[in-house]
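Novice: below are the sequence and a predicted model; questions follow.
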2 protein chains.
Amino acid sequence: MAKLAFRAQVLRAREAAIVAAAKHLLAAKGFDAMTVDEVAAEAGIAKASLYKHFDSKEAVAAAAMTRVVDTLLAALDELAAQASPDTPPLERLKAAMRWALQLNQAGELPALPAPNSSLLAALAAHAGYCERLAAANERVGAWVGAAQASGELNPELPAQALLWTLAACACGPLPGLLRRGGTHSDEQIAEFLLATCFDGLTKR
Amino acid sequence: MAKLAFRAQVLRAREAAIVAAAKHLLAAKGFDAMTVDEVAAEAGIAKASLYKHFDSKEAVAAAAMTRVVDTLLAALDELAAQASPDTPPLERLKAAMRWALQLNQAGELPALPAPNSSLLAALAAHAGYCERLAAANERVGAWVGAAQASGELNPELPAQALLWTLAACACGPLPGLLRRGGTHSDEQIAEFLLATCFDGLTKR
DNA sequence: GTCTATACCCGGATAGAC
DNA sequence: GTCTATCCGGGTATAGAC
């Protein structure tokens, strides 16, 4: 009995290793350039063994993307717990952006799946992923709505579009590009992106 | 003699067809998902014939990207010609952005090559592309500098970072995403993106 | 369930006739 | 230079022994 539980735990640990490797490679190279051989090698198992745990490359990637959203949800929880109850929603949004930008700069944040990617279809068909993504959308969307109601964010702009703008800014290639430029620290880059995203390029 | 010139013209026309097909597919599917077979089929020739004109898939894509930058330069010329001499630089930048956003919404603007793409290396090695890209960078950069000097754009932000931000906004996936949302017209979307990019998400 | 070895397919690139 | 037919590497997925 204990032995069976132990073996089940080992299996879960192996699956976790696979997902972690996929998450890493997904962020580093993207879905197309990532190969199943690489994932298996980084997880320390043979490719055929990987296919005992997941049906396809898409399924592995979907599991990894699901875990990415999970870490986002956890980060949102932590931010909400740390903030005092009267922290303005705009500050919460900025804190979430900082968290995502740090991940992006560290090369640990996969890019948004391209509109035509084969990955996108797999994600749309993955119930767990859709579920968690909807949860994250709702959570951040609530802050956006509150910030618009309080007049911090422009209330004339459609909320969903604001959300996508934030996501595109956080997950986009700019942090990496500016980092490659090499003339600024990561903190400077993050503050620049926050400033341009929330306050715009024109002088205030 | 005339016959030789004619045949040379036919060859150039074929090359133009190849490049046009590549440009289209590059914008529609991206470099990785685009296959040489598709390019040849859309150009109306056999794949082997394509390889008489270009050495590799990367070379085809580089030629297509070069032509994209060429059309940008031409558009900048036209905008400069149309504008009155005292048009403020910020207006010129916004007009250029509108032009790029329209192209993006029409699905005719290839995305920026990913940092790890094999395309990026080919582009960096392609003298013609680098040349034209530098020219475009200089032209738009001059407007950015002027707008910062006049106080229209925030002078505290590094100019090159501003430029990349503009490029990322114009070439990013947001126009397509919002278009898929379906609740707004292309003009509304373009104005929304211009507003958020230049004026930010917060209320002014 | 894990491995080695392999089937199978797709896509980039080429051979050789015309 | 253009075509048809082919090669060949690499990548997903599977077979079969253990």
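Specialist: Now that the structure is in, tell me what you want to look at.
Novice: what's near enough to touch the residue nearest the centre of chain A?
Specialist: Nearest to the centroid of the C-alpha atoms of chain A, with distances taken as Cα atoms, centre = their mean, sits A:Val68, at 4.8 Å. Taking Cβ atoms under 8 Å, 6 or more residues apart in numbering or on different chains, we find A:Val68 in contact with A:23, A:109-110. Glycine gets a C-beta too; all of them are placed from N, C-alpha and C.
Novice: at 7 Å instead, please
Specialist: With contact set as Cβ atoms under 7 Å, 6 or more residues apart in numbering or on different chains, A:Val68 has these partners: A:23, A:110.
Novice: same check, this time on A:Val144
Specialist: A:Val144 sits next to A:93, A:153, A:159, A:162-163 when contact means Cβ under 7 Å, 6+ apart.
Novice: possible to save these as a markdown table with secondary structure and pLDDT?
Specialist: Formatted as a markdown table, the entries for the contacts of A:Val144 read as follows, by DSSP: H, G, I helix; E, B strand; the rest coil; pLDDT from 0 to 100:
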| residue | secondary structure | pLDDT |
| --- | --- | --- |
| A:Leu93 | helix | 98 |
| A:Leu153 | strand | 98 |
| A:Ala159 | helix | 97 |
| A:Leu162 | helix | 98 |
| A:Leu163 | helix | 98 |
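Novice: and of those, the nearest to A:Ser185?
Specialist: A:Leu93 (22.8 Å; Cβ to Cβ).
Novice: kindly report the residues of chain A close to chain B.
Specialist: Proximity of chain A to chain B is assessed by Cβ under 7 Å from any Cβ of the partner chain, with A:29-30, A:32-33, A:112, A:114-116, A:151-154, A:157, A:160-162, A:164-165, A:168, A:172-174, A:176-178, A:181, A:192, A:196-203 identified as the residues in range.
Novice: please pick the buried ones from the contacts of A:Val144.
Specialist: Among those, the ones that count as buried by 16 or more other Cβ atoms under 10 Å in any protein chain shown are A:93, A:153, A:162-163.
Novice: about what we covered before: Three-state assignment for the residue nearest to the centre of chain A, please.
Specialist: Assigned by DSSP: H, G, I helix; E, B strand; the rest coil, the conformation of A:Val68 is helix.
Novice: ok, back up a step: let's see the PyMOL selection covering just the buried ones among the residues of chain A next to chain B.
Specialist: Only the buried members of the residues of chain A next to chain B enter the following PyMOL selection, criterion being 16+ other Cβ under 10 Å:
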select buried, chain A and resi 29+30+32+112+114+152+153+154+157+161+162+164+165+168+172+173+174+176+177+178+192+196+197+198+199+200+201+202+203
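Novice: which residues of chain A lie near DNA strand C?
Specialist: With the criterion set to Cβ under 7 Å from any atom of the strand, chain A comes near DNA strand C through A:10-11, A:14, A:44-49, A:52-53.
Novice: turn the residues you listed into JSON lines, including distance to A:Ala142 and neighbour count.
Specialist: Written out in JSON lines, the entries for the residues of chain A next to DNA strand C read as follows (distance: Cβ to Cβ, whole Å; neighbours: other Cβ atoms under 10 Å in any protein chain shown):
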{"residue": "A:Val10", "distance to A:Ala142": "40", "neighbour count": "10"}
{"residue": "A:Leu11", "distance to A:Ala142": "37", "neighbour count": "12"}
{"residue": "A:Arg14", "distance to A:Ala142": "37", "neighbour count": "17"}
{"residue": "A:Gly44", "distance to A:Ala142": "41", "neighbour count": "11"}
{"residue": "A:Ile45", "distance to A:Ala142": "41", "neighbour count": "17"}
{"residue": "A:Ala46", "distance to A:Ala142": "45", "neighbour count": "12"}
{"residue": "A:Lys47", "distance to A:Ala142": "43", "neighbour count": "14"}
{"residue": "A:Ala48", "distance to A:Ala142": "45", "neighbour count": "8"}
{"residue": "A:Ser49", "distance to A:Ala142": "42", "neighbour count": "13"}
{"residue": "A:Lys52", "distance to A:Ala142": "41", "neighbour count": "11"}
{"residue": "A:His53", "distance to A:Ala142": "36", "neighbour count": "17"}
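Novice: about what we covered before: farthest-apart pair in the contacts of A:Val144, please.
Specialist: Pairwise distances among those were taken by Cβ to Cβ; the largest, 12.1 Å, belongs to A:Leu93 and A:Ala159.
Novice: next, count neighbours for A:Lys57.
Specialist: By the criterion of other Cβ atoms under 10 Å in any protein chain shown, A:Lys57 has 19 neighbours.
Novice: now A:Ala13
Specialist: Close neighbours of A:Ala13, defined as other Cβ under 10 Å, add up to 10.
Novice: circling back to that earlier point, which of the residues of chain A next to DNA strand C fall in helices?
Specialist: For these, membership in helices holds for A:10-11, A:14, A:47-49, A:52-53, with DSSP state H as the criterion.
Novice: identify the farthest-apart pair in those residues.
Specialist: The span of these, defined through Cβ to Cβ, is set by A:Val10 and A:Lys47 at 19.0 Å.
Novice: which member of the contacts of A:Val144 is positioned nearest A:Leu120?
Specialist: Among the contacts of A:Val144, A:Leu163 lies closest to A:Leu120 (Cβ to Cβ), at 17.9 Å.
Novice: was I right about that closest one contacting A:Arg139?
Specialist: No - between A:Leu163 and A:Arg139 there is no contact, the gap being 10.6 Å when judged by Cβ atoms under 7 Å.
Novice: before we move on, the earlier item: wait, which of the buried ones among the contacts of A:Val144 is closest to A:Ala63?
Specialist: A:Leu163 (24.4 Å).
Novice: contacting residues around the closest one?
Specialist: A:137, A:140-141, A:144.
Novice: mind checking which of the residues you listed are buried?
Specialist: Neighbour-count burial (16+ other Cβ under 10 Å) is assigned, among the contacts of A:Leu163, to A:137, A:140, A:144.
Novice: show me which residues of chain A sit near DNA strand D.
Specialist: Contact residues, chain A versus DNA strand D (Cβ under 7 Å from any atom of the strand): A:34-37, A:47-48, A:51, A:55-58.
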